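> just to be clear, the model below is a prediction. Sequence and coordinates:
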Amino acid sequence: MPTIQTKHSHAPSTELYYETYGQGRPVVLIHGWPLSGRMWEAQIDALRHAGYQVVAYDRRGFGQSGKTATGYDYDTFASDLKDLLDTLNLDDVTLVGFSMGGGEVARYAGLYGNQRVRSAMLVASVAPYLLKTADNPDGGLTEADVEGMVQQVAQNRPQFLAGFTKKFLNWDTHAATLGDEFLDFAASLYLQASPVATQECVRAFGMTDFRQDLAKLTVPTLVVHGDQDQIVPLEASGARVPQYQPQAQLHVMTGAPHGLNATHAQEFNQLLLDFVKR
């Protein structure tokens, strides 16, 4: 299996599994919780046929990457991303972060500036800060919400994630298009994940503040978010990014749920290709 070894000094070293296709300027795809790099199938095809090298990797704890006991925080995730870019010697990269993957993009900029990065997309992203606090009243989650999700995952992970996936896709609207087989496909991805990683990443994406990180994301940045997102509501996340990075462009996809790369693949792929070629 193609893997790279991480070198982060504050977390256990592990192997990150990745897949790479095509030739040309690189695009790195960063998946959402609780999936893996395989969530990007439709985008991988679009990018490789358009003449780009596309790299999709599995975050530590997910997919075919190493399952460490600790290290499920955004400083570690950003360091893992840096190790991937450095080991594969990828330059002039477009980073595409979906949902919790948007946090990796933001924290990478916060820690490392824009090294190796040409541009960035935040797709249905958790940035800038989901937790409701005194100085962040517009966040989408309370601490009780976060811990409630953790407990549901701990008590019956398959049952919770099956329901989560339907909400992820606004299933009542898109079931006829995607088919029940797509639910089986999603389950095949999220059940590969470590139960520990699945729990700890809820705390990571639900309670990490990316506001200062976004200020350092000074490359061209496109924020894409669905106005029917039930998982990471537009008003609590994507719509707020320009407050912290005024250069970021916001594109709202009408009628799109959280999993818009699947339900609205053609529309999303056109946005992706148009942005990457800039």
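Good, I have the coordinates.
> name every strand pairing with the host helix or strand of residue 18 and say which way it goes.
Counting by DSSP states H and E, the element that carries residue 18 is strand 15-21. Its sheet considered, strand 15-21 pairs with strand 3-5 (antiparallel), strand 53-57 (antiparallel) by DSSP bridges.
> how about CSV for those, with distance to residue 193 added?
(Glycine included, C-beta is placed from N, CA and C.) Below are the strands paired with strand 15-21 laid out as CSV (distance: least, Cβ to Cβ, whole Å):
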stretch, distance to residue 193
strand 3-5, 17
strand 53-57, 14
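> for the ones you listed, give me TSV that also has distance to residue 98 and mean neighbour count.
Formatted as TSV, the strands paired with strand 15-21 follow (distance: least, Cβ to Cβ, whole Å; neighbours: other Cβ atoms under 10 Å):
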stretch	distance to residue 98	mean neighbour count
strand 3-5	20	15
strand 53-57	11	24
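> okay, the ones you listed in CSV with distance to residue 181 and mean pLDDT next?
Below are the strands paired with strand 15-21 laid out as CSV (distance: least, Cβ to Cβ, whole Å; pLDDT from 0 to 100):
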stretch, distance to residue 181, mean pLDDT
strand 3-5, 29, 98
strand 53-57, 21, 98
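> out of the ones you listed, nearest to residue 232?
Among these, the nearest to residue 232 by Cβ to Cβ is strand 53-57 (20.5 Å).
> and the contacts of the closest one?
Under the criterion Cβ atoms under 8 Å, 6 or more residues apart in numbering, residues 16-31, 37-38, 40, 43-44, 47-48, 65, 84, 88, 90 lie in contact with strand 53-57.
> which element follows it toward the C-terminus?
Heading C-terminal from strand 53-57 (DSSP H and E), you reach helix 74-87.
> pretty sure residue 167 sits in a strand.
No - Residue 167 is assigned helix when assessed by DSSP: H, G, I helix; E, B strand; the rest coil, not a strand.
> for it, which non-adjacent residue is spatially closest?
residue 230 (5.1 Å; Cβ to Cβ, 6 or more residues apart in numbering).
> just checking, that neighbour touches residue 165?
No - shown here, residue 230 and residue 165 do not form a contact pair, counting by Cβ atoms under 8 Å, at 11.6 Å.
> residue contacts, the residue nearest to residue 167?
167-168, 170, 257-258.
> coming back round to it: okay, the angle between the strand holding residue 18 and helix 74-87?
Interaxial angle of strand 15-21 relative to helix 74-87 (axes from the mean of the first three to the mean of the last three Cα atoms, to 10 degrees): 50 degrees.
> buried ones in strand 15-21?
Residues 15-20 are the ones in strand 15-21 that count as buried (16 or more other Cβ atoms under 10 Å).
> just stretch 243-257 next, same as before
Neighbour counts over stretch 243-257 (16+ other Cβ under 10 Å) mark 244-245, 248, 250, 253, 256-257 as buried.
> and if you look at stretch 83-96?
Of the residues in stretch 83-96, those buried (16+ other Cβ under 10 Å) are 83-85, 88, 90, 93-96.
> list the contacts of residue 229.
Residue 229 touches 124, 256-258, 260, counting by Cβ under 8 Å, 6+ apart.
> got it, and residue 18?
The contact partners of residue 18, by Cβ under 8 Å, 6+ apart, come to 2-4, 37, 55-58, 84, 88.
> so what's it bridging to?
Beta-bridge partners recorded for residue 18 (DSSP bridges): residue 57.
> state the distance from residue 67 to residue 196.
Distance, residue 67 to residue 196, by Cβ to Cβ, to the nearest Å: 8 Å.
> any common contacting residues for those two?
residue 61.
> number of nearby residues for residue 188?
Neighbour count of residue 188, defined by other Cβ atoms under 10 Å: 12.
> ok, the one 4 residues further on next?
Using other Cβ under 10 Å, the number of residues around residue 192 comes to 18.
> excluding its backbone neighbours, what's nearest the residue at minimal distance from the centre of the chain?
In the chain, the centroid-proximal residue (Cα atoms, centre = their mean) is residue 101; its distance is 2.3 Å. Excluding the flanking residues, the one nearest residue 101 by Cβ to Cβ, 6+ apart is residue 30, at 3.4 Å.
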